[in-house]
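**Student:** quick one: sequence and predicted model below, then my questions.
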Amino acid sequence: MAWGKLGSTTLGATADIISIDPVSDVTNHTILVHMTSSGAADPSIRFNNDSGNNYARRVSSNGGSDTTNVSDSRYQMAAHTSRDSFTVHYAFNLTAEEKLCISFQLDQQATGAGTAPNRSQFAGKFVQNAQFTQITNVNDQGGDFAISSNLTILGSDGVESVTVQDGAIFYETDTNKSYVLYNGSWTEL
């Protein structure tokens, strides 16, 4: 599956929102969030700027027991209050289906090698049928997302066309055979 960059936003000033709009209507999304904050921040994803109670999630923090949030107004992606974190989300954006997400977060906890970082795993869903076309990272706590906080979206529809030029060589590892493309036909070497 080939992934392409759908958009990226890096803050030039402190803010409580980082957004990418529009997002291409591909099926698979990888959402990368690097967030630094001034004060307590609680980063959460909203799809299509929907703040209704259309989100549910399950989280495990540092290998502990699961906790859940249901009928929430956002897909909360923080298990700890942190000033520096990195989160990777995978979201499946299929029309007429709930949008399923799985996420992994790492946050600094404290500076220096004397403190291990926190890790969290999330599973969640957004229960709207229409494909999302906007992704927003929102903060509803007292702090702000700091300058250089970033939201990047990668996407794939699972099918990419590739143009292969004459003279290309293909090696099949299962059969241990090599082929060359000539005039649109593959010929064994």
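**Tutor:** Yep, that arrived. Note that the coordinates shown come from a computational prediction; the quantities given were computed from them, not determined experimentally.
**Student:** so how many other residues sit close to Gly155?
**Tutor:** Gly155: 20 surrounding residues under other Cβ atoms under 10 Å. From N, CA and C alone the C-beta is placed, and that goes for glycine too.
**Student:** helix, strand or coil for it?
**Tutor:** Put simply, Gly155 is strand when judged by DSSP: H, G, I helix; E, B strand; the rest coil.
**Student:** which helix or strand contains the closest residue to it other than its chain neighbours?
**Tutor:** Nearest non-adjacent residue to Gly155, counting by Cβ to Cβ, 6 or more residues apart in numbering: Val26, 3.9 Å away. Counting by DSSP states H and E, no helix or strand carries Val26.
**Student:** tell me how far Val26 lies from Ala130.
**Tutor:** Distance, Val26 to Ala130, by Cβ to Cβ, to the nearest Å: 15 Å.
**Student:** quick one: buried residues of stretch 126-144?
**Tutor:** For stretch 126-144, the neighbour count (16 or more other Cβ atoms under 10 Å) marks Phe126, Gln128, Gln131, Phe132, Ile135, Thr136, Asn137, Val138, Asn139, Gly143, Asp144 as buried.
**Student:** pretty sure the fifth one contacts Phe47?
**Tutor:** Just to be clear, that refers to Ile135. Yes: the criterion here is Cβ atoms under 8 Å, and Ile135 meets it with Phe47 at 6.2 Å.
**Student:** and the longest strand for this structure?
**Tutor:** In the chain, with assignment by DSSP state E, the single longest strand is strand 28-38.
**Student:** parallel or antiparallel, list what pairs with that one.
**Tutor:** Next to strand 28-38 in the sheet, as set by DSSP bridges, lie strand 84-92 (antiparallel), strand 144-145 (antiparallel), strand 150-156 (antiparallel).
**Student:** turn those strands into TSV, including distance to Ser103.
**Tutor:** Shown next, in TSV, are the strands paired with strand 28-38 (distance: least, Cβ to Cβ, whole Å):
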stretch	distance to Ser103
strand 84-92	4
strand 144-145	18
strand 150-156	13
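**Student:** surely Lys125 and Cys101 touch.
**Tutor:** Yes: Lys125 is within contact range of Cys101, at 6.6 Å (criterion: Cβ under 8 Å).
**Student:** name whatever forms a beta bridge with Ser8.
**Tutor:** Counting by DSSP bridges, Ser8 forms beta bridges with Thr152.
**Student:** give me every residue that touches it.
**Tutor:** Ile20, Asn150, Leu151, Thr152, Ile153 (Cβ atoms under 8 Å, 6 or more residues apart in numbering).
**Student:** could you say which helix or strand holds the nearest residue to the last one once chain neighbours are set aside?
**Tutor:** In this case it means Ile153. Excluding the flanking residues, the one nearest Ile153 by Cβ to Cβ, 6+ apart is Leu6, at 4.4 Å. For Leu6, the host element (DSSP H and E) is strand 4-10.
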